[in-house]
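J.: predicted structure and sequence below. I'll ask about it afterward.
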Protein chains: 2
Amino acid sequence: MSYPSRNGLTANVSTEVLCGRILERHRDAIRVQKTHIAVANLARIIDATLKLSNRQGFQATTLRDLAKTTGLSMGGLYSYFSGKPMLLSMILREVASTVADVLSKPPQEVTIDAAAHLRWLIESHIRLTETLQPWFVFAYMEAKAFPPAERRIAIDSEALTEAIIARVLEQGAAAGIFALSDVGLTAALIKPLLQDWYVKRAKYRRRGISIDTYIAAVISFVTAAISAKEPTPAVPVDLA
Amino acid sequence: MSYPSRNGLTANVSTEVLCGRILERHRDAIRVQKTHIAVANLARIIDATLKLSNRQGFQATTLRDLAKTTGLSMGGLYSYFSGKPMLLSMILREVASTVADVLSKPPQEVTIDAAAHLRWLIESHIRLTETLQPWFVFAYMEAKAFPPAERRIAIDSEALTEAIIARVLEQGAAAGIFALSDVGLTAALIKPLLQDWYVKRAKYRRRGISIDTYIAAVISFVTAAISAKEPTPAVPVDLA
DNA sequence: ATAAAAGGAGCGAACGCTCGCTATATGCGG
DNA sequence: CCGCATATAGCGAGCGTTCGCTCCTTTTAT
């Protein structure tokens, strides 16, 4: 029943793997040469950054906090990034690229049926953001203060996710499986249901709701909302 | 036949009114005596705080920024609050108390029918957060960095809203109008649909989606998701 | 022995906040 | 209606602190 991700997701998405990609992407800016040392310390730095920032905000997280938490010195830290803005950029770019990578590669057997594809998207997104929760919370909460270039990345990443959802909705609508008045708007409404799991995870933990329960609830909620079994009820509100 | 809020909401909820209540609540801590001066300057201070904080974060908003934006001096600001934490607290308490006040007072004609009551809750919440968008964004985005007392308020406020939704869902389920497996979880899923309007308002503005369109979309999405399929028509207009 | 990596004192800038001062409004006897 | 005394509101230089960041030194690994 559990569609995705058991295959490749959990294996390919971990702090170590992501930090490895970050190192590649910023080889020229990172002064530490030995890969195993660089990756290990990058992981400690980014772990600490996410942990501290998600508690008190990135802006309020000082390099001295970071030094204390990682065990590195002030000078040591600067062998791994050129300053706080670069640290922010490293994390954000990696999140955006990972989500694009995962969601754009559905297993073939799922793509024939729009309903199955949609279920796969929902479960994959929630499981991915579960694994990388601190990364996604960071990107979500700090986005408003990003410098322009990073802001663009965050906006494009969100738009891409919604476009992927919208395309599947459109296929389903064309096949007569889904009944939708506005594909883009419906995709926009599905997105916050996916995000709530990582944004308000403390709330769901407090209530004892497991990830499997949550995934099932979102799938059933969304499916019921858009399936074409009977013609969709008219909108009750008349405006103006 | 737009249900709520046109009546009392827009009139009773404005920066001036809220700042008046803030002044009452903190009479002893605010050194400025004349009410009209205090309210006017409080409004300027809070407007500036929300505007700057929602762009760059509360922590990154300095008192010098605030002084420049309001036209007051550093010293002048301190006649209105004892420090940044109190400024935070003033805004948050007012948001929490306002949302509790509005949602707990549905018009009588709406409370007889759970479906109508739910539609009223959805529309009222979205319209309230539209009017006070900067306030709600502030409370939402800064909550994680709140001191313990303010954190409690934020958590309780969110829990209260969901409890109000859940109670209406329960009534509808008891009446056979709604089909739900888990009332609390369903309420928890409805909440982010209400919040998305103010959290990601830039996105909806970019797409040209009006508040009326959004309200209609959420109502239709939620209604379709939870309606009991067989007996009751999806949208009962007004029956006992 | 030599290069890579980590250390940490110190720099100028900016922070939250204070305090002694000035400017403005208000009340009142002449 | 005036001129003056008093209270209220506002001002902004300056305090101690902490920030991001640099740079020279020490430690570690090869």
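T.: The structure has been received and is ready for your questions. Numbers count the residues shown, from 1 in each chain, chains lettered A, B, ... in the order given.
J.: can I get the helix or strand where residue A:184 lies in CSV? Just the C-alpha atoms.
T.: Take DSSP states H and E as the rule and residue A:184 turns out to sit in helix A:183-199. Coordinates of each C-alpha in helix A:183-199 appear next as CSV, following Å, rounded to 0.1, in the frame of the first residue of the first chain:
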residue,chain,number,x,y,z
VAL,A,183,-6.7,22.9,-11.6
GLY,A,184,-4.1,25.5,-10.5
LEU,A,185,-6.1,26.6,-7.5
THR,A,186,-6.8,23.0,-6.5
ALA,A,187,-3.1,22.2,-6.6
ALA,A,188,-2.5,25.3,-4.6
LEU,A,189,-4.9,24.0,-1.9
ILE,A,190,-3.2,20.5,-1.8
LYS,A,191,0.2,22.0,-1.2
PRO,A,192,-0.5,23.3,2.4
LEU,A,193,-1.9,19.9,3.3
LEU,A,194,1.5,18.4,2.4
GLN,A,195,3.4,21.2,4.2
ASP,A,196,1.5,21.0,7.4
TRP,A,197,3.1,17.7,8.3
TYR,A,198,6.5,19.3,8.6
VAL,A,199,5.6,22.8,9.6
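J.: could you tell me the angle between it and helix B:183-199?
T.: Helix A:183-199 and helix B:183-199 are oriented at 110 degrees to each other (axes from the mean of the first three to the mean of the last three C-alpha atoms, to 10 degrees).
J.: OK, contacts around the residue nearest to residue A:26 when sequence neighbours are not counted?
T.: Counting by C-beta to C-beta, 6 or more residues apart in numbering or on different chains, residue A:26 lies nearest to residue A:90, which is 6.4 Å off, once chain neighbours are set aside. All C-beta atoms are positioned from the backbone trio N, CA, C, and that covers glycine. If you count contacts by C-beta atoms under 8 Å, 6 or more residues apart in numbering or on different chains, residue A:90 has them with A:22, A:25, A:26, A:46, A:81.
J.: okay, now the unreliable bits of chain A?
T.: Low-confidence segments of chain A, defined by pLDDT under 70: A:1-11, A:230-240.
J.: determine the longest helix present in it.
T.: Longest helix of chain A, by residue count under DSSP state H: helix A:148-174.
J.: any residue of that helix touching DNA strand D?
T.: No: shown here: helix A:148-174 not in contact with DNA strand D (C-beta under 7 Å from any atom of the strand), separated by at least 14.8 Å.
J.: tell me which parts of chain A are close to DNA strand D?
T.: A:61, A:62, A:63, A:64, A:65, A:74, A:75, A:78, A:82, A:83, A:84, A:85.
J.: highest neighbour count among those residues?
T.: Highest neighbour count within those: residue A:61, with 22 neighbours (other C-beta atoms under 10 Å in any protein chain shown).
J.: state the three-state secondary structure for it.
T.: Three-state assignment for residue A:61 (DSSP: H, G, I helix; E, B strand; the rest coil): coil.
J.: the closest residue to it other than its chain neighbours: how many residues sit nearby?
T.: With sequence-adjacent residues excluded and distances taken as C-beta to C-beta, 6+ apart, residue A:61 is closest to residue A:52, at 4.3 Å. The number of residues packed near residue A:52 is 18, by other C-beta under 10 Å.
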